[in-house]
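J.: quick one, what's the 3D model for this:
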Amino acid sequence: MSNVLDNIPDTLKQKLHEGNVIPFVGAGVSMAVEEKNPKRRLFPSWKEAINEGKDFLKREGRSDYAHKVELLINSDPPQLLEAAQVIYDSPSWIQYLTKVFDPSFKKVDSRTLELAKTVWDIGQNFIITTNFDRVLQKACPQSDDYKWCSRQTNLILDAHRQTDRRVVWHLHGYVDDPKDIVFARSQYEDFYEKGLFKSALKSLDSLLIVKSFLFVGFSLNDEYFRKRLEYINQIFGRNGQRHFILLPKNEIDGLDLGDYIDIIPFDGIGLPLLNKMKELAAYVDVRESPITLKTAAKKKRLFLSFGVVGACIVIVFFLFNTFAWQNRGSDPAPSATENLIPTEQNKETDVRAPVNLAGSTPNNIGDASNEPRIVLENKSKNKSDAIRPKISDPEKVGDEEAILRLRQLRESDPARALEEANKILKRDRNNGKMKKFRNEVSEELKAAREN
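T.: Residues are numbered from 1 along each chain as shown. Predicted structure coming up:
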């Protein structure tokens, strides 16, 4: 006799916390997914899928197959597995499988995937399902980590212990691999009774022995799977694992699932089931989830990568600017104002004092063959100073700057300053300021000779 629980037992809470519960998902989870406009369920129930197969065969011009399906559906009791066999044997089987179980998700209301997402919250990195569709893939928190398997026995037993993947075992096959689909009577017999897939079946038995299953959206009406559960229970009895099933209250009366399965009731399909799943998920220790740890590690590596790239950019920028600065010289080129205004330092060292006579000495001032040109140069011989315009070039040096330079030259060599002023006046006789400066220097030199 099944045990109907008043609340979530401590045993299940502990198993959830330790990661010893495997969600087993049935059609009810996929049936919760809806499209927005028009609002309708994306996936049918098992009986609806058979009826849809009948209509699909009619539209495809397979009326003989459609008629057989209709007779089997309307028999008493309905023979749905036999009707499924007719659909599977028809030439339109693959097209039917794609249309019914692999529809587009473009119009899906993302909110209706919440139940499937909560299944991942409980399963963390391993889920078993009898569904063929992609609902669990679409609901997977990290789709890049998602992997499915059906008959790959090398993955199945290790899947629930993997730390780098979220794995869904599609027990009855997956839409991407139609040859492994368990849909009709003959396929159920091949899988569960004839031993054609012994390795997969043994993997299922092993998990039923060491883990507790939580059945969600799965009514256990599947006679073949139910027999497998009973077989495991007969072997281990009370020493075996207890399993749990979520069922609406209106489906519990008179139901006997065996004393090895505890029933967790909820008020109805929809929000009550979602709330009950969230209540169960709250007991899962996500801090110890391998997938959660892997995701955190990925984020950490990504953060460190951005940090390294940023540091490299800063270093390259610094080296580039240092190299460019060295090519320009150890100091930036001084401005005209910096060259002309004396400082306490250049008064003593004459670093910026404009006295280089461009190849002449005081002994050859009047030598016409080597006419001097006054150029302001820094004693560091920067290239930027060497190209400064000459005082006596009226096209490049303005009146104000020429007079300013000559006044500075006047302090060290008044005769030379007078000579340069005369050269400028030869080109520009109407330069009043320069005439005034020349007269001042002439008077100064005359007074010096008299003394």
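
J.: S75: what secondary structure?
T.: S75 falls in the coil class when you classify it by DSSP: H, G, I helix; E, B strand; the rest coil.

J.: what do you get for V284?
T.: The three-state assignment at V284 reads coil, by three-state DSSP.

J.: report the contact partners of the residue lying closest to it once chain neighbours are set aside.
T.: In space, and not counting its chain neighbours, V284 is closest to L16: 5.2 Å by C-beta to C-beta, 6 or more residues apart in numbering. C-beta: built from backbone N, CA, C; applies to glycine. Residues in contact with L16 (C-beta atoms under 8 Å, 6 or more residues apart in numbering) are I122, L280, A281, Y283, V284.

J.: mind listing the strands for the stretch 51-200 of the chain?
T.: Secondary structure of the stretch 51-200 of the chain by DSSP state E, counting those that start in this stretch: the strands cover 126-129, 146-149, 166-170.

J.: so how far is the first one off the chain centroid?
T.: By that I understand strand 126-129. 26 Å (C-alpha atoms, centre = their mean, to the nearest Å).

J.: try the last one
T.: Taking C-alpha atoms, centre = their mean, one finds strand 166-170 lying 23 Å from the centre of the chain it belongs to.

J.: ok, now stretch 424-431?
T.: In terms of C-alpha atoms, centre = their mean, the gap separating the centre of stretch 424-431 from the centre of its chain is 75 Å.

J.: any idea how far apart the tips of it sit?
T.: 9 Å (C-alpha to C-alpha, to the nearest Å).

J.: and if you look at stretch 19-27?
T.: Using C-alpha to C-alpha, one end of stretch 19-27 lies 24 Å from the other.

J.: where does the stretch 251-400 of the chain dip in pLDDT?
T.: For the stretch 251-400 of the chain, the stretches with pLDDT under 70 are 286-306, 324-398.

J.: can we see that at 80?
T.: 254-256, 258-259, 286-308, 310-311, 314, 317-400 (pLDDT under 80).

J.: where do the helices sit along the stretch 201-350 of the chain?
T.: 223-236, 271-281, 290-328, 336-340, 344-349 (DSSP state H, counting those that start in this stretch).

J.: what's the burial count for I315?
T.: Look at I315: counted by other C-beta atoms under 10 Å, it has 10 neighbours.

J.: let me fix that, I meant to ask about S104.
T.: If we define neighbours as other C-beta under 10 Å, then S104 has 8 of them.

J.: tell me who's in contact with the closest residue to G217 other than its chain neighbours.
T.: Spatial nearest neighbour of G217, chain neighbours left out: G28 (2.5 Å); criterion: C-beta to C-beta, 6+ apart. Contact partners of G28, counting by C-beta under 8 Å, 6+ apart, are V216, G217, F218, S219, I269, L273.

J.: what distance do you get for G28 to S45?
T.: From G28 across to S45, the span is 8 Å (C-beta to C-beta, to the nearest Å).

J.: how far does stretch 76-95 sit from the chain's center?
T.: Here stretch 76-95 is found 44 Å from its chain centre; the criterion is C-alpha atoms, centre = their mean.

J.: same question for stretch 201-219.
T.: 34 Å.

J.: and if you look at stretch 59-74?
T.: With C-alpha atoms, centre = their mean, you get 49 Å for stretch 59-74.

J.: also stretch 227-237?
T.: Chain-centre distance of stretch 227-237: 45 Å, with C-alpha atoms, centre = their mean.

J.: what do you get for stretch 422-429?
T.: With C-alpha atoms, centre = their mean as the basis, stretch 422-429 stands 75 Å off its chain's centre.

J.: likewise for stretch 91-101?
T.: Centroid separation for stretch 91-101 versus its chain: 35 Å, with C-alpha atoms, centre = their mean.

J.: ditto for stretch 422-438
T.: That offset, for stretch 422-438, works out to 75 Å (C-alpha atoms, centre = their mean).

J.: sorry, back to before: now the strands of the stretch 51-200 of the chain as CSV including distance to I403 and mean neighbour count?
T.: Converted to CSV, the strands of the stretch 51-200 of the chain look like this (distance: least, C-beta to C-beta, whole Å; neighbours: other C-beta atoms under 10 Å):
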stretch, distance to I403, mean neighbour count
strand 126-129, 91, 24
strand 146-149, 83, 19
strand 166-170, 84, 25
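
J.: and those: which comes nearest I232?
T.: strand 126-129 (14.3 Å; C-beta to C-beta).

J.: where does the stretch 101-250 of the chain have low pLDDT?
T.: The stretch 101-250 of the chain contains residues with pLDDT under 80 at 124, 142-146, 151-165, 195-196, 237-240.

J.: measure stretch 124-135 end to end?
T.: With C-alpha to C-alpha as the measure, stretch 124-135 spans 16 Å from end to end.

J.: so what touches stretch 430-439?
T.: D399, A402, I403, L406, R407, L418, A421, N422, I424, L425, D428.

J.: and those, which two are the farthest apart?
T.: So, those by C-beta to C-beta: farthest apart are R407 and D428, at 18.0 Å.

J.: sorry, back to before: and the contacts of L16, which is closest to R228?
T.: Minimum distance to R228 across the contacts of L16 is 22.1 Å, recorded for I122 (C-beta to C-beta).

J.: how near is that closest one to P23?
T.: I122 sits 5 Å away from P23, going by C-beta to C-beta.

J.: over to L5?
T.: Counting by C-beta to C-beta, the separation of L5 from P23 is 18 Å.

J.: quick one: which of these two has more around it?
T.: When L5 and P23 are compared for neighbours, P23 comes out ahead with 26 against 13, by other C-beta under 10 Å.

J.: what does whichever helix or strand that one is part of contact?
T.: Using DSSP states H and E, P23 falls within strand 21-25. Defining contact as C-beta under 8 Å, 6+ apart, one finds that strand 21-25 is touched by 12, 15, 116, 119, 122-123, 126-131, 136, 160, 207, 211-218, 244.

J.: mind doing that once more with 7 Å?
T.: 15, 119, 122-123, 126-129, 131, 136, 160, 207, 211-218 (C-beta atoms under 7 Å, 6 or more residues apart in numbering).

J.: list the buried residues of that strand.
T.: Buried residues in strand 21-25, counted by 16 or more other C-beta atoms under 10 Å: V21, I22, P23, F24, V25.

J.: try stretch 106-126
T.: Result for stretch 106-126 [16+ other C-beta under 10 Å]: buried residues 108, 112-126.

J.: T129 contacts G173, doesn't it?
T.: No - T129 lies out of contact with G173 (C-beta atoms under 7 Å); the separation is 10.4 Å.

J.: buried stuff in stretch 242-258?
T.: R242, H243, F244, I245, L246, L247, P248, L257.

J.: contacting residues for the nearest residue to L406 once chain neighbours are set aside?
T.: The shortest distance from L406 to any non-neighbouring residue, by C-beta to C-beta, 6+ apart, is to A417 (4.8 Å). By C-beta under 7 Å, 6+ apart, the contact set of A417 is L406, L409, R410, V441.

J.: please tell me how far the nearest residue to I22 once chain neighbours are set aside sits from S219.
T.: Closest residue to I22 apart from its sequence neighbours, by C-beta to C-beta, 6+ apart: K211 at 4.9 Å. As judged by C-beta to C-beta, K211 and S219 stand 21 Å apart.
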